[in-house]
Every structure is written in C-alpha cells, then in structure tokens.
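Enquirer: after the sequence you'll find the predicted model.
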Amino acid sequence: MSFRKIAPQELSENIIRVLKEDWMLLAAGDRQESNAMTVGWGGTGIIWQLPVATCYVRPQRYTYDFTEKSDYFTLSAFDPKYREQMLLMGTKSGRDMDKAAACGFTTAYAAGDAPYYEQARFVLVCKKLYAQDMEDKCILDERVRAVYPEKDYHRIYVGEIVEVLVKED
C-alpha cells in the first residue's frame, strides 16, 4: 500500500476521537535508530500561523531521548484491528525489545528521516518548533495535578505539521 500527501486542513479524521479511542503512535529517531510509543493525549490546531500537532512525553520514556535528539517526529493513526499492537507499543519499552518488529510493523521514513509505519492509516509528520517541561506551579486545576501523584510531569512538544500522509485505498 502507498500513501498520498494531503494538506493538513484536508484531513477528515477527528483527532480527538482518534486519540481517545484508537490512540496514535509517536515515533522519533532516524534511519539508524528510532523508537515509538502509544499516545492518547495531544492535539492539532493552528499556533504561530502554522498547522501544528502537540504531544506529551515523560522523561523516563525511551522515546523521550529520540524526541529530544530529533528535529522531526511523527504521529500515526492505525485501524482498530491493530489494537493489540498499540497496547504493546504503549506498555513495553524499546530499551528491552524491538517493539516495531514484535508488532510486525514496517518502518518507513518521511521528511527529516522521521520514522513511521506502513501499516498506519494516516501519519502527521512534524518538525519540532517548541519544547517545554510542564511545571507544577503552572497547573491551575486539581484534576490535572491528580494525574501526577509522583510529580513526573511530561515535556510538551509542538511540531509544525509539514506532511500529512494518508493511506491510499
């Protein structure tokens, strides 16, 4: 199967639904080494007059190192038939195993050598614009603070969506 490129505003998927129900894979790295993890938080929109995607990664995650070192990252959505693979990608560490191989995923590369998987139904290819650690003093609602009993806050990444790849039928 192949992918075609579309403009970000042409994507008809509801990202809120995709993140909440299907999840996505955040992948970063290059052709030599990469890693991915399942994400259920994030968003898309317009910031600084650019189409962007926002994702969140805790520093203890293996994917954090790749996201830090890379100028690009991808967010990939999969059909529900890949639910078991999405669970594995979110619960196992790439430090201990080749998760993509265990899932039967074929790695491909987009702009900036950003890794993604050919089994995805669509991919957001993002160039990092901004990164900042969450801070306790900035949390304004106790419901948010309750998510962090260990105060192990995420780093927020904002990336310009430079390509949207959609699986051809």
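Expert: All right, it came through fine.
Enquirer: run the chain-centre distance for stretch 81-93.
Expert: The offset between the C-alpha centroid of stretch 81-93 and the centroid of the whole chain comes to 14 Å, using Cα atoms, centre = their mean, to the nearest Å.
Enquirer: using PDB, write out every CA atom in that stretch.
Expert: Output for stretch 81-93, consisting of C-alpha atoms alone and laid out as PDB, is shown next (Å, rounded to 0.1, in the frame of the first residue of the first chain):
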ATOM      1  CA  LYS A  81      -7.500  -4.200  14.100                       C
ATOM      2  CA  TYR A  82      -4.100  -3.000  15.400                       C
ATOM      3  CA  ARG A  83      -5.300  -2.600  19.000                       C
ATOM      4  CA  GLU A  84      -3.100  -5.300  20.400                       C
ATOM      5  CA  GLN A  85      -0.100  -3.800  18.700                       C
ATOM      6  CA  MET A  86      -1.000  -0.400  20.000                       C
ATOM      7  CA  LEU A  87      -1.200  -1.900  23.500                       C
ATOM      8  CA  LEU A  88       2.300  -3.500  23.200                       C
ATOM      9  CA  MET A  89       3.800  -0.200  21.900                       C
ATOM     10  CA  GLY A  90       2.400   1.600  24.900                       C
ATOM     11  CA  THR A  91       3.300  -1.000  27.600                       C
ATOM     12  CA  LYS A  92       6.700  -2.400  26.600                       C
ATOM     13  CA  SER A  93      10.000  -0.400  26.400                       C
END
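Enquirer: A helix includes A101, no?
Expert: Yes: secondary structure of A101 (DSSP: H, G, I helix; E, B strand; the rest coil): part of a helix.
Enquirer: burial count for it?
Expert: By the criterion of other Cβ atoms under 10 Å, A101 has 10 neighbours. The way it works is simple: take the backbone N, C-alpha and C, and place the C-beta from them, glycine included.
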